[in-house]
Structure formats: C-alpha cells, structure tokens
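Asks: Build the 3D model from these lines:
(2 chains)
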Amino acid sequence: MIELKDLHKAFGTVKAVDGVSFTARDGEITGLLGPNGAGKTTTLRMLYTLMKPDAGRVLVDGIDAARDPVSVRRRLGVLPDARGLYKRLTARENIAYFGRLQGLDEAALRARSDALIAALDMADIADRRTEGFSQGQRVKTAIARALVHDPRNIILDEPTNGLDVMATRAMRAFLRRLRDEGRCVLFSSHIMQEVAALCDRIVVIAHGRVVADGSADALRAQTGEANLEDAFVKIIGSGEGLAA
Amino acid sequence: MKPAWIVMLKEVRENLRDRRTVLNTLITGPLMAPLIFVLVFNTVVARELAKAEQPLPLPVVGAERAPNLIASLRAMGAVIEPGPADPERAVREQDADLVLRIPASYAESWRKGEPAQVELVYDASQRETRGPVERLQKMLELYGQRTAALRLVARGIAPTVTHPVVVAERDQSTPQSRAGILFAMLPYFFVLGAFIGGMALAIDTTAGERERQSLEPLLANPAPRWQILAGKLGATSAFATVTVLLSILAFAVAGHLLPTEKIGMALELGPRFTATTLLAMLPLVLLLAALQTLVSAFAKSHREAQTYLSLLMIVPALPSILLSILPVKAQAWMYAIPVVGQNLAITRLMRGDGVAAPALAACIAGSAVAAAIAIAVTARIYRSERLAVSA
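Replies: Take a look at the predicted model:
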C-alpha cells in the first residue's frame, strides 16, 4: 500500500507538486491521470525516493520514505519515465543486474528471471543484447528488471508510451495479472481511455494538485457527465470549475 | 554480494564488450608510446652509430698541396675524394656535407713554420652534418697536436710544456642515470596511461548512463548511492590500473629491444620498479578516476563529458612537462603533491637511485588524501537530486 500525504515540491518558483495526497491500495490498479506537466512524474519521483519532498510524507507499506528510503525502494518495483537499458548486455543480464542489486541470491534470481521472461513472453529475445531492440522489447525488458525482486508495490510512469496496439493490450493484461496477485499497482498516464480501461481507482492531477479521486463511476457522477472523457475535461478544464 | 561489487563487475563486463574502449584503454593507450619510442630511438641510434663507425667521405680541394696531412687523415678513417669546383655552392645546395679546402699558401706557410690555414666549408644549420664536421675537426686537431709535439721534441723541449693544466673527468652518472635523461618523459606516459585508461569508463558510467536514461532506474534500486559510486570508481580505477601496468610492462619490454647499451645507457624496468611504480600510481589512479567521474557528472552527454575531460587531461601533464624541462632539485615536500610526487619517484627509480621510504610514503599519502577529498566531493554530487534526473 502506498500513501502520499500532502506532498509539496517546488523547483525555484515553480510549484510542480502543490499538496498531493492519495492512497493506492493493494489488489487495486490506481491510475494517476493528468495532462502533460501536471506534476505526475515529480510526484512519482518523490514516491520512489529519487527526490525529497519539500513537505509532506510518503508511506510504503507503512514505512516512511524519508526515514528509511532503502527499505522503501526494496518494496517498490519502479518503471520510471527514463527506462534506458544497457545495450551491451543481454536482456537477461539487464534483469540480473537489478536483481542482484535488490539482493536476490543466484537461485532466486534465476527462478524470477525465468518466470518474468515467460510471463512477458520474451523468451525469444532474453539472451540477445538489447542493442537494436524495438520499443516494445525494450519496455518488456525494463518491466522485467523492475519486477525481478517480486515487489508488492509497482509504480509505472506512462508504461504504454510509444507502444503499438498489440503491445499496449499485452501490457494491460499484464498489469491486471499483477493486481490479481494482490499487488498494489500505481501507474501514471495522460491518456483517458487507458485509465478508463484499466483502473479501479482514478486520481486526477492538475497544476500540482489532486482535483479528483475515485472510481470511474464516481468521477462521472461528480461531474454529471456520462462520458468519462468529458468528465476528465470538466475536472481539469478551467480554474473556476476546479474550485466549485 | 555487496552492491558496490555488483556494480563494479557489471561495469567491467559491459565495457570489456565495447571494442573501442578495449582498444583505446588496453591496447592503443599503453602500447602506442613505447612503440613510437622504440622506432624513433632505434632509428636515431642506428644512424648515429653508423656515422661514427663508417669511413668519413671527405671531398678535398687542393689535396696535392698537403700530402702529409692527407695521408694522416686517410689513416684516421677519411676517404679522400676530389673536391667540387665551387665548394661553397656545393655545401649550400647540400651536394656535399662538408668540403676541406687547402689553399695554395699552405705549403709556403708550413715551410716557414707559420700557422698553415686549411678551410672547412660547411653549413651549421644542417643538423646531420654536425657529426662529420666534428669528426673532421678532431682529426685536424689531432694532426696539429702531433706535429706540434714533434716540432717541440726536435727543439729539445718536452711536449708536456704546452699542457699546463690537464683535466681528468670523473663522470658520476651511471648507465641507468644517463638513460634517465633520455627517458624523462616516461613518468608522463604512465600518468597519461592512468588518465586514458579510466576516461572511457568515467564517462560511460556517469554521463553515458544518464544520456541513455538508465541512471534513474538504477538509482531506484535499494543500493545506497555511495555503494553505486564506489562500484563505478572501482571499475574505472581497475581499467586505469591495468592500463598503467601494461604501460610499464610495455616499456620494460621496450627497454630490452632498445640498443641502449651501445650508447652507454641502461633502461632496467624490473619487477621491483614495476611494483614500486604501481604502488605510487595507485592513489593517483583513484584521484584521477574520482576527478573524471566528478567532471562527467556535470556533463549532460557523452560528447560533452569527452570535451571536458580532454581539457582536464592537460592538468596531469603539466608537472611532467615542467619537470622534464626544468630540472628541479627535489625537496621532500614535493613528493606529497599528486602527479609531481609520482614523477619524482618514478624518475629516481628509473635512474636506479631507489626511493627512500619516507618519500614514497609522502607520495602515496599526499595522493591518497587528494583522492579522498575528490571522492568525497563526487559522493556529494552523487547524492544530489539533479544527478539522476535526465535533462
């Protein structure tokens, strides 16, 4: 379970995140929805302890990220916006590197790698060097290495960015599977349809603030719009609309 | 396994797969300098030796005017050739290295017992004629001295009268120390080896990692950042150390290939030299690795880091160049200055003088302190938020 409590982060005079609070529960897919520049990536970066919040708290499974960032990182599987691979290593070696850094022993590493390679349907590329991988193959490898230590909480920053339709569908199926295993899945997106198709719970961010938090039905009810996309536009739309 | 160790192994393995890095750091870097050295040295020595031993071709104008002189020159190894019609022009146009002209007045002056003049026509700006000219001057001087001695004896005077002072030279140099002059640039090659050897990895593990967007996921792992930095510095230092070791070994081999003994020098880079040099270089390798990583951490891209590091490369070269130009008497405190200390120590080792334990300790300690500071500063940069976030 991931809890964010009144997070603030400013870069100079720009308030990138200005009081974000929400909870992502186990066994649920939580979508962080917002337009470009809304503060999604900064929020997630504070969550996986890459950045320190100016104010507010992050709790992962009840552990305070400010107090014990190493334990928090051990409990998180993170697919950041930046997902570069080591191109002179094979996919399997890329996965193994992160597995060892997570403290897995060689037997566990082998078992987890094989399981992930099978689950992500990447057996044919597992022992190839990642140089020249397609976008989809790169994302699969990046996800496998993020999940190699079998984390309870999974954070993905725009996971379907740059994927084609088939790869996107496979990704959605994979995220559902993670949820069904009882994990806490939190992902960010600026694409309405994607969030609607996948999420049990939607947190909408605009201008560094949470402007809506609930299920798709709740959002529709809140805005009085039957169409979720209209609801989304209404929620993030104008400043006056937000205040009401 | 410790995270630092995991990071180090991965960086070493990944970079060993990069053909360009391997070629630059493990082959071109350490082997190029000794190779060039051997080639140049062999050519120069071979040419000098050939010139000294071979007969000296000597065009002479008016040889018939001084048969005794000519006979004596022949005896000393000159091959007398007929001189050109215009000696000055022949020398200017490099048709001849030098021409000896015996004027018509020679015989007349000789008979009267006056100084008999011979003319040596040459061009001092032509470097390669210097050897033959000096040889001929020596021959002429010797002939003059012999004749003078005979004349004195004929008059009943001991020839020693004309030598009121005799200089006996006591050269304190050894074959090794004479080589030291020639190999003054050697420490520079080792320092350069350390720099070049670490450069590719310092860039790849920091600026490169950021450019290919793999730094952020890496830092999302539970490994503490100082451990990640330690692993990267370890890999960079390992490559640099191997490069230095290969440089030393290459020069040791080169020392055997060079005909140094023919010119009265010796370049002995034995196991003792190798071990001591490596010991003195180790803290410097760490210092350079930390500095390179620090500079790379500020660069946004691979290319930018390369530009910065090329500029940084001048810094370790400066003391070596200065010391090879300005022969400074080494003061004890100088050993504590990074690069300068290594230079002094390696030069002394090469001369076969050996380095006193306190000097070596100062050299190692001085560089180690500097390395510790550089690592601490780099670690600070590594902790900053700015580092991970790709621009």
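Asks: residues contacting residue B:175?
Replies: Residue B:175 makes contact with B:260-261, B:264-266, according to CB atoms under 8 Å, 6 or more residues apart in numbering or on different chains. From N, CA and C alone the C-beta is placed, and that goes for glycine too.
Asks: in what helix or strand does the nearest residue in space to it that is not next to it in sequence lie?
Replies: Nearest non-adjacent residue to residue B:175, counting by CB to CB, 6 or more residues apart in numbering or on different chains: residue B:266, 3.9 Å away. Under the criterion DSSP states H and E, no helix or strand holds residue B:266.
Asks: Local confidence estimate at residue B:266?
Replies: Predicted confidence (pLDDT) for residue B:266: 71.
Asks: Tell me the residues of the stretch 101-250 of chain B that contact chain A?
Replies: Contact residues (CB under 8 Å from any CB of the partner chain) of the stretch 101-250 of chain B with chain A: B:209, B:212-224.
Asks: so which of those residues is the most crowded?
Replies: residue B:221 (27 neighbours; other CB atoms under 10 Å in any protein chain shown).
Asks: Determine how far stretch B:363-379 lies from the middle of the whole chain.
Replies: Centroid separation for stretch B:363-379 versus its chain: 28 Å, with CA atoms, centre = their mean, to the nearest Å.
Asks: If you could redo that for stretch A:27-46, that was the one I meant.
Replies: In terms of CA atoms, centre = their mean, the centre of stretch A:27-46 is found 7 Å from the chain centre.
Asks: The nearest residue to residue B:353 once chain neighbours are set aside and residue A:101, how far apart?
Replies: In space, and not counting its chain neighbours, residue B:353 is closest to residue B:177: 7.4 Å by CB to CB, 6+ apart. From residue B:177 over to residue A:101 the distance is 53 Å, taken as CB to CB, to the nearest Å.
Asks: Settle it for me: which of the two has more neighbours?
Replies: Ranked by neighbour count (other CB under 10 Å), residue B:177 and residue A:101 place residue A:101 first, with 25 against 18.
Asks: Could you list which of the residues of the stretch 101-250 of chain B next to chain A belong to helices?
Replies: B:209, B:215-219 (DSSP state H).
Asks: Is residue 99 within a helix or a strand, and which one?
Replies: Reading this off chain A. helix A:91-101.
Asks: oops, I was thinking of chain B
Replies: Using DSSP H and E, residue B:99 falls in strand B:98-101.
Asks: can you check residue A:16 too?
Replies: Applying DSSP H and E as the criterion places residue A:16 in strand A:14-24.
Asks: That strand close to chain B?
Replies: No - contact of strand A:14-24 with chain B is not found when judged by CB under 8 Å from any CB; the minimum separation is 11.6 Å.
Asks: Would you mind pulling up the elements that that strand packs against?
Replies: Contacts defined by 3 or more CB pairs under 8 Å, 6 or more residues apart in numbering or on different chains; DSSP states H and E place strand A:14-24 against strand A:2-11, helix A:40-47, strand A:55-60, strand A:184-189, strand A:201-206, strand A:209-214.
Asks: quick one: contacts of the helix or strand just after it?
Replies: From strand A:14-24 onward toward the C-terminus, using DSSP H and E, the following helix or strand is strand A:28-33. With CB under 8 Å, 6+ apart as the test, strand A:28-33 has contacts from A:22, A:24, A:40, A:43-44, A:175-176, A:179, A:184-190, A:192, A:194-195, A:198-205, A:232.
Asks: one more time with 7 Å
Replies: For strand A:28-33, contacts defined as CB atoms under 7 Å, 6 or more residues apart in numbering or on different chains pick out A:24, A:40, A:175, A:179, A:184-189, A:195, A:198-205, A:232.
Asks: Next: stretch A:134-144.
Replies: A:79, A:83, A:85, A:91, A:94-95, A:116-117, A:120, A:122, A:125, A:130, A:133, A:162-164, A:167.
Asks: Any chance of a PyMOL selection covering the buried ones in the residues you listed?
Replies: Buried residues among the contacts of stretch A:134-144 (16 or more other CB atoms under 10 Å in any protein chain shown), as a PyMOL selection:
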select buried, chain A and resi 79+83+85+91+94+95+116+117+120+122+125+130+133+163+167
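Asks: Considering only the contacts of stretch A:134-144, which also neighbour chain B?
Replies: Counting by CB under 7 Å from any CB of the partner chain, A:83, A:85 from the contacts of stretch A:134-144 sit close to chain B.
Asks: Keep only those of the contacts of stretch A:134-144 that are in strands.
Replies: Judged by DSSP state E, the contacts of stretch A:134-144 include residue A:79 as members of strands.
Asks: so the residue nearest to residue B:353 makes contact with residue B:349?
Replies: No - counting by CB atoms under 7 Å, residue B:177 sits too far from residue B:349 to count as a contact (11.5 Å).
Asks: buried sites along the helix or strand containing residue B:382?
Replies: Using DSSP H and E, residue B:382 falls within helix B:357-383. Across helix B:357-383, burial judged by 16+ other CB under 10 Å covers B:359-360, B:362-364, B:366-368, B:370-371, B:374-375, B:378-379, B:382.
Asks: any idea which of those is closest to chain A?
Replies: residue B:382 (12.7 Å; CB to the nearest CB).
Asks: Skipping adjacent residues, who's closest to residue A:120 in space?
Replies: Leaving aside its sequence neighbours, residue A:120 sits nearest to residue A:140 (CB to CB, 6+ apart; 4.7 Å).
Asks: now residue A:144
Replies: Once flanking residues are discounted, residue A:144 sits nearest to residue A:116: 4.3 Å by CB to CB, 6+ apart.
Asks: Contact residues of chain A facing chain B?
Replies: For chain A, the residues in contact with chain B (CB under 7 Å from any CB) are A:48, A:50-52, A:70, A:73-74, A:78, A:80, A:82-86, A:88-89, A:97-98, A:100-102.
Asks: what about residue 143, how many residues close to it?
Replies: No chain was given, so I picked chain A. The tally of other residues near residue A:143 (other CB under 10 Å) stands at 25.
Asks: I was thinking of chain B, sorry if that wasn't clear
Replies: 19.
Asks: Kindly report the same for residue A:168.
Replies: Neighbour count of residue A:168, defined by other CB under 10 Å: 19.
Asks: Kindly report the same for residue B:314.
Replies: Look at residue B:314: counted by other CB under 10 Å, it has 9 neighbours.
Asks: Of all residues in the chain, which one is nearest the centre?
Replies: Looking at chain A here, since you left the chain open. With distances taken as CA atoms, centre = their mean, residue A:156 lies nearest the centre of chain A, 2.2 Å away.
Asks: um, chain B though
Replies: With distances taken as CA atoms, centre = their mean, residue B:185 lies nearest the centre of chain B, 3.1 Å away.
Asks: Could you export the ones in helices among the residues of the stretch 101-250 of chain B next to chain A as JSON lines, including pLDDT?
Replies: Below are those laid out as JSON lines (pLDDT from 0 to 100):
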{"residue": "B:209", "pLDDT": "91"}
{"residue": "B:215", "pLDDT": "91"}
{"residue": "B:216", "pLDDT": "91"}
{"residue": "B:217", "pLDDT": "93"}
{"residue": "B:218", "pLDDT": "94"}
{"residue": "B:219", "pLDDT": "92"}
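Asks: for the helix holding residue B:382, packing partners?
Replies: With contacts defined as 3 or more CB pairs under 7 Å, 6 or more residues apart in numbering or on different chains; DSSP states H and E, helix B:357-383 has these neighbours: helix B:225-257, helix B:271-298, helix B:340-350.
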